[in-house]
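K.L.:
missing the sequence, but the structure's below:
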């Protein structure tokens, strides 16, 4: 006989509720925790890479800005030297240069004659560099050694050139190291002769170069040091494992706390099923299960009230019907029949009040009232066709509904109401009167309206009462 393999749904169905809750908790909680652990590791890695890339991009922009600013400062210094020399003359060139160096206007400065001869120079540089060829900021790749300069012609009052003023800034190991520390990156500057200042670390994560160009006279290389995230990965793995263990323990505790009150609810429901309406479930805590237990107890309590009310209503209606039947059978007391007809109809439909009028000499005359203590029923007179009840008697058909907010078309002395149902008393085509009920009892905004079932019930009472009273009403 071949073996039958159970489906997954059958396997799950065979597991207890506690087991399914534990399994569901682990699937819903533990799965996302594992995925989150992996996601956190990937996210942090990407964030670190993005942060380092942004940091490198900002550093590149900062270095470019520093180079442009340094060239701008040397240009201002060269113009200052030119103006001072024009005012004081070439014979005071050395004093002008010394003063510029002393005031830290430039790292190095010199004044040349129109033929290129150095007339005066100053700066903490070797003589060969101080008097050698200097590169220009505005000329790509023109830097010589680690000196970058800007030159400005010196002209006399006639506009003739009498020399050239040069101011320079010096790029050295100290400046490169200081800038690298401020940027938080490795930095290396390559001079035109191939020499380098600063150094790059081993196995950099990413490198970028600034090529020589106008106002960028030196090649600069920036590198992001390699960042190891092994420690982070180990921490994430340990935390994920601890959270997973805690999740398993929490799942067991949670499923146990959920199933215990559910079992109590099931036992209580079994008791109610066999008629034990005094059954109650113990309630502890303020969680959803406790709320369910409270709701169950309230339902059973309300059910007890409904059963008691239905029993009392049944007994009351049974008594009314018995009296109504006896009165109809005797047929000797019309007022008693009218009163019982009104009372029984009101109880059967849940009306708050009502009246019963009979037709005498072309007008409706009040004969019975219920729930209207302010109304003197014996004095109530309504002309046929007048008001709500007069129109029902005139048409000979039932009418029901809600009175509009602006008020209804009531006859003088006719009872006021919010909702109503009125049916004519008719026997063998003869109009005998009107039976009307007002304001059906109930909750909610529109629960006090009478419905089709109420109309049918009222018509049945009216028909039986009219048949019994035919020949007795004047």
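P.N.:
Looks like it arrived, so ask away. All figures in this text were calculated on a predicted structure; none of them were measured in a lab.

K.L.:
what helix or strand does residue 175 sit in?
P.N.:
Using DSSP states H and E, residue 175 falls within helix 173-183.

K.L.:
Show me how far that helix is from its chain's centre.
P.N.:
When C-alpha coordinates are averaged (Cα atoms, centre = their mean, to the nearest Å), helix 173-183 and its chain have centres 49 Å apart.

K.L.:
now stretch 289-307
P.N.:
Remark: stretch 289-307 is offset 34 Å from the chain centroid, using Cα atoms, centre = their mean.

K.L.:
hmm, back to that, I'd like to know which elements the helix holding residue 175 is packed against.
P.N.:
Packing partners of helix 173-183 (3 or more Cβ pairs under 8 Å, 6 or more residues apart in numbering; DSSP states H and E): helix 31-88, strand 186-190. (C-beta placed from N, C-alpha, C; glycine too.)

K.L.:
for that helix, what is the average pLDDT?
P.N.:
Over the span of helix 173-183, the pLDDT mean works out to 85.

K.L.:
cool, and stretch 241-256?
P.N.:
The average pLDDT within stretch 241-256 is 74.

K.L.:
ok, and for it, which residues are buried?
P.N.:
Going by neighbour count (16 or more other Cβ atoms under 10 Å), the buried part of stretch 241-256 is 243, 247, 251, 254, 255.

K.L.:
can I assume residue 251 is in contact with residue 22?
P.N.:
Yes: using Cβ atoms under 8 Å, residue 251 is in contact with residue 22, at 4.6 Å.

K.L.:
how many neighbours does the residue nearest to residue 52 when sequence neighbours are not counted have?
P.N.:
In this structure, residue 52 finds its nearest non-sequential neighbour in residue 224, 4.5 Å apart by Cβ to Cβ, 6 or more residues apart in numbering. Neighbour count for residue 224, taken as other Cβ atoms under 10 Å: 21.

K.L.:
Ok, residue 307 next?
P.N.:
Here the count is done by other Cβ under 10 Å, and residue 307 has 12 residues near it.

K.L.:
List the contacts of it.
P.N.:
Counting by Cβ atoms under 8 Å, 6 or more residues apart in numbering, residue 307 touches residue 277.

K.L.:
Per the annotation, how does this protein divide into domains?
P.N.:
According to automatic domain parsing, the chain is divided into the following domains: 46-224, 232-308, 331-469.

K.L.:
and those domains, which one is worst for confidence?
P.N.:
Ranked by mean pLDDT, the domains of the chain bottom out at domain 232-308, with a mean of 76.

K.L.:
next one: phi and psi at residue 383?
P.N.:
Reported as degrees, to the nearest 10, the phi and psi values for residue 383 are phi -70, psi 150.

K.L.:
and if you look at residue 157?
P.N.:
Dihedral angles for residue 157 - degrees, to the nearest 10 - are phi -60, psi -30.

K.L.:
Would you point out the most distant pair within the buried residues of stretch 241-256?
P.N.:
Farthest-apart pair in those is 243 and 255; separation 18.3 Å (Cβ to Cβ).

K.L.:
re the thing from before, so of the helices and strands packed on helix 173-183, which one's packed in deepest?
P.N.:
Mean neighbour count (mean count of other Cβ atoms under 10 Å) peaks for strand 186-190 among the helices and strands packed on helix 173-183, with a mean of 19.

K.L.:
Mind listing residues that contact the next helix-or-strand element following that strand?
P.N.:
On the C-terminal side of strand 186-190, the closest following helix or strand by DSSP H and E is strand 196-197. Outside strand 196-197, the residues within contact range by Cβ under 8 Å, 6+ apart are 146, 171, 172, 173, 176, 188, 189, 190, 191.

K.L.:
Strand 196-197 pairs with which strands, parallel or anti?
P.N.:
Within its sheet, strand 196-197 is paired with strand 186-190 (antiparallel), according to DSSP bridges.

K.L.:
got the angle for the strand it pairs with vs helix 173-183?
P.N.:
With axes from the mean of the first three to the mean of the last three Cα atoms, to 10 degrees applied, the angle from strand 186-190 to helix 173-183 works out at 140 degrees.

K.L.:
Pull out the buried residues from the host helix or strand of residue 394.
P.N.:
Counting by DSSP H and E, the element that carries residue 394 is helix 387-395. Buried residues in helix 387-395, counting neighbours by 16+ other Cβ under 10 Å, are found at 387, 388, 389, 390, 391, 392, 393, 394.

K.L.:
for stretch 432-452, same thing?
P.N.:
For stretch 432-452, using 16+ other Cβ under 10 Å, the buried residues are 432, 433, 434, 435, 436, 437, 438, 439, 440, 448, 449, 450.

K.L.:
now swap in stretch 392-412 and tell me
P.N.:
Neighbour-count burial for stretch 392-412, with 16+ other Cβ under 10 Å as criterion, is recorded at 392, 393, 394, 398, 399, 400, 403, 410, 411.

K.L.:
What strand or helix carries residue 433?
P.N.:
Here residue 433 is assigned to strand 430-440, by DSSP H and E.
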